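> Just to be clear, the model below is a prediction. Sequence and coordinates:
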Amino acid sequence: MLSVVVPVYNVADFLPRCLDSLCNQSYSNLEIICVDDGSIDGSLSILREYAAKDARIKVIHQENAGVSSARNRGLDVATGEYVTFVDGDDWIACGGYEAAMAGAEEDVDIIHFGTHLDSWGDTEEARNLEKWFSCQLSEGRSSLPIHYWVMNSNVTNKLYRRELIEKYVIRFPENVAYAEDLAFHYCYASVARLVFTLKTKIYHYVHRSGSAIGTLLQDTERGVDHLTAVKYVVDFIALRKKYARLPSEIIQGFFMHMYSQAKRFVPADRVAGVYEVAWNIALRLGMLKKKNHWLAQELLSHRFGRGKFYRFVHNRDVFCLFGLPFFSISHYESSTVYRFLGCKIYEQCN
């Protein structure tokens, strides 16, 4: 059985098409779990109407708590061997799940398939998303650890083995509004071993003005959620060191990407909050030890860039005498600066 979790929030105009696409799948061994997240537009009535006609549909209603909470409620009751997610305003090609489930074997932990962007038009945003959703892996089976970066972290174009989800208690973080799917996927990928890729574009991602991705591209208040998602993954791996095998360079690269995204989506007067969250994560990942790295330079400069405190903390583990720095070397993009007792004595152009 394949469990399909559908979080629903005020998508009454799109919901019938979504449900019809699921009910009419050529692969019929489905469990369709629809979680209404406090809709006020009649979505709940539509769900109940469809459930009355198709026994495979289960309807759960909750007060509005966000998409992560809705997906987690669905995971709590799912019973299928694999689990996938469909947003209530999107839909699935008729033979899609039959094609995807053909790759379901005992040792396959993720089944990955293509996504079609509906109604996006020829825009830069659409082209970027096309690259994001594209299946760059070769068709067939692949070992997961070497392919993290060429498999996007969206959860709607994948099937996940429920046994792993329950064994390692993998859930969506409910304290973030965006990038919750990245957090779930990377937690899962850290304990998964084998992925089956299907190039066919099964999932239809519909563009609309109120969609989460559309809101994110205009929202400057929640950029720090990108880093909160990274912290969620770091915490998950720290608690499961014996089993989680996400390579350090992958999680560090993931962090640097999300750090750049976080800075992109916050106004200048709030970027200090991004720096603080990033500082704590970089510290845990050991990235501040790489003093010449641009990320370490940027975070150290922000945190200790003013006054003698910076000079003390930055250099105490490099050159110090009884805990007091007496000589330091600072690397910048265009020059290297040598200081004695905090005073610049020489600057070398790079």
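Received, thanks. Numbering: from 1, shown residues only.

> so where do the strands sit in the protein?
Ranges of strands in the chain, per DSSP state E, are 2-8, 30-37, 57-62, 82-85, 91-92, 110-118, 140-143, 158-161, 194-206, 327-331, 335-340, 343-349.

> so what strands line up beside the longest one?
For strand 194-206, the paired strands and their directions (DSSP bridges) are strand 91-92 (antiparallel), strand 110-118 (parallel), strand 140-143 (antiparallel).

> can you redo those strands as CSV with mean pLDDT?
Output for the strands paired with strand 194-206, formatted as CSV (pLDDT from 0 to 100):
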stretch, mean pLDDT
strand 91-92, 97
strand 110-118, 89
strand 140-143, 84
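
> how far out from the middle of the chain is the longest helix along the chain?
Longest helix in the chain by number of residues, with DSSP state H as the criterion: helix 248-264. Distance, stretch centre to chain centre, for helix 248-264: 11 Å (Cα atoms, centre = their mean, to the nearest Å).

> Let me see the residues that make contact with it.
148-149, 179, 182, 186, 223-227, 229-230, 233-234, 237, 271, 274, 277-278, 281-282, 285, 287, 295 (Cβ atoms under 8 Å, 6 or more residues apart in numbering). Quick note: C-beta positions are derived from backbone N, CA and C, even for glycine.

> how close does Lys291 sit to Leu300?
8 Å (Cβ to Cβ, to the nearest Å).

> ditto for Ala52
Using Cβ to Cβ, we find Ala52 at a distance of 61 Å from Leu300.

> List the residues that contact Leu47.
Val8, Leu15, Leu19, Cys34, Asp36, Ile57, Val59.

> Where does pLDDT dip in the stretch 1-150 of the chain?
119-122, 132, 135, 145-150 (pLDDT under 70).

> mind redoing it with 90?
The stretch 1-150 of the chain contains residues with pLDDT under 90 at 105-106, 114-150.

> buried set for stretch 167-175?
Tyr168, Ile170, Arg171, Phe172, Pro173 (16 or more other Cβ atoms under 10 Å).

> Now the two most distant members of those residues.
Farthest pair in the buried residues of stretch 167-175 (Cβ to Cβ) is Tyr168 and Pro173. Separation: 14.7 Å.
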